[in-house]
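Got a predicted structure plus its sequence, pasted below:
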Amino acid sequence: MSDKIEIKYSKEKVKVILPASHFSRQKLSTIENYMDATVTLEDSGSLSLIYDKPKYSYSLKDCITEEMSEVKRLELAQKMESLTFSEHHFKVPYIHPKNIFLQGSVVKILHYGLEGIMSPIPYTLETFLMSYKALIVSILRPKLDFDLLINGVAAIGDSLIQDIAACETYDEVVKYVNEAYDKAYQEEKKTKMVVSKRSWHIFSIGMGIFCAASIALGTFAAYFYFWSVPVQRATINAQSHFISKHYDDVADDLQKFQVGRLGKEAKYVLASSYVHLDDLSENQKASVLNTITPSSEDNLLEYWIYLGRGNYKKSLDLAQNIGDDQLTLHAYTNLYEQVREDKNMKGADKQKKLSEYRKEIEKLSKKLGVKVGEEKDE
């Protein structure tokens, strides 16, 4: 049985299920007195609370999944400003997209915990801030899972998410969202004005130029849809898998895209995933991962991507370009193993290559102070 709070909907009711570890059985009477819900202790030991769904309302979870512009998403995020928390209140808000309902511009939290009695417990300003950041990010990036974001916001290379993760207080998050909304709104407004003027101009100079512009616009739209959008979608999926530590899935998500098509965020999660999947010791992996960030140079990120994809010659070229002997040694070691395992290479060619790579491995190993066949911690 899951140890997480579950929320299920029907047309008029909302059922909240708390595992046994999330409430005090000795305080059931207190829970019944404070909660505006039908409270039932199940045979499994869990506690069910059935609430009336607010009339004419929609869950935030359903709203998030709808298609909408960046401005609309920021506007939705702004509405969450009404969610607040005080450490001195007995009732504790449970921040989760499934537990938040919107009636027009009114935002309602359905299930509340009770301090020291019923989840969410324990609950502090720090816990609230983590949940609030995850909530805002889940609104702005709907492909990312809220439950994974609570402890994983900082791991995503998306610049907007990084800005939110850097906010140290609730007020800073609110301020950031408001400023982002104003900027996006002004840009959208400016874009609409430009498009309107351009449309009138195109119409006034005749169908010939209009057709040419339409072809150009269609080409751009086709480029965006068939070239850019697939990469963006794959990147979002890869980020989600990266947070949940499914590194094989990250590699699969981005496998069909050439390195040059990948953005910085995609390169970061892919390079980090390949480090996790590499045949290195845990200490070596930890050492390497400390050198990789979303702002790392492309050469370093691409080195690990090409290495992970088995293009060892390209990774060697990048390592030599970077000037890092440890990376160069690691690339040569992989090249050596690749040639040694190649059953189709001619014997003479194989021995020549193996001798060449062995010589480089011995030279670099001596320089780095490691034995041949071992690699110094990266």
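Arrived safely.

how about low-confidence regions in the stretch 151-300 of the chain?
193-227 (pLDDT under 70).

What segments of it are helices?
159-166, 170-204, 207-223, 229-243, 247-254, 264-277, 282-289, 298-308 (DSSP state H, counting those that start in this stretch).

helix or strand right after the last one?
Where DSSP states H and E defines the elements, the next helix or strand beyond helix 298-308 is helix 312-322.

Summarise which helices and strands that following helix is packed against.
Helix 312-322 is packed against helix 298-308, helix 325-340, with contacts defined by 3 or more CB pairs under 8 Å, 6 or more residues apart in numbering; DSSP states H and E. Where C-beta positions appear, they are placed from N, C-alpha and C, glycine not excepted.

Can you give the contact residues for the shortest one?
Translated: helix 298-308. 251, 259, 262, 264, 267-268, 270-275, 277-278, 288, 291-292, 312, 314-315, 318-319, 321-322, 327, 330-331, 334 (CB atoms under 8 Å, 6 or more residues apart in numbering).

ok, of these, which come out buried?
Among the contacts of helix 298-308, those classed as buried by 16 or more other CB atoms under 10 Å are 251, 259, 262, 267-268, 270-275, 278, 288, 292, 312, 314-315, 318-319, 327, 330-331, 334.

you'd agree residue 95 is in a helix?
No: going by DSSP: H, G, I helix; E, B strand; the rest coil, the assignment for residue 95 is coil, not a helix.

roughly how far apart are the nearest residue to it once chain neighbours are set aside and residue 94?
Spatially, and ignoring its direct neighbours in sequence, residue 95 is nearest to residue 131 (3.9 Å; CB to CB, 6 or more residues apart in numbering). The span separating residue 131 from residue 94 equals 9 Å under the rule CB to CB, to the nearest Å.

cool, and residue 337?
From residue 337 to residue 94 the distance is 52 Å (CB to CB).

When these two are compared, which one has more neighbours?
A direct count of neighbours by other CB atoms under 10 Å for residue 337 and residue 94 places residue 94 higher, at 22 against 13.

I'd say the more buried one and residue 120 touch.
Yes: counting by CB atoms under 8 Å, residue 94 does reach residue 120; the two are 5.2 Å apart.

joint contacts of the two?
Counting by CB under 8 Å, 6+ apart, the residues touching both residue 94 and residue 120 are 5, 113.
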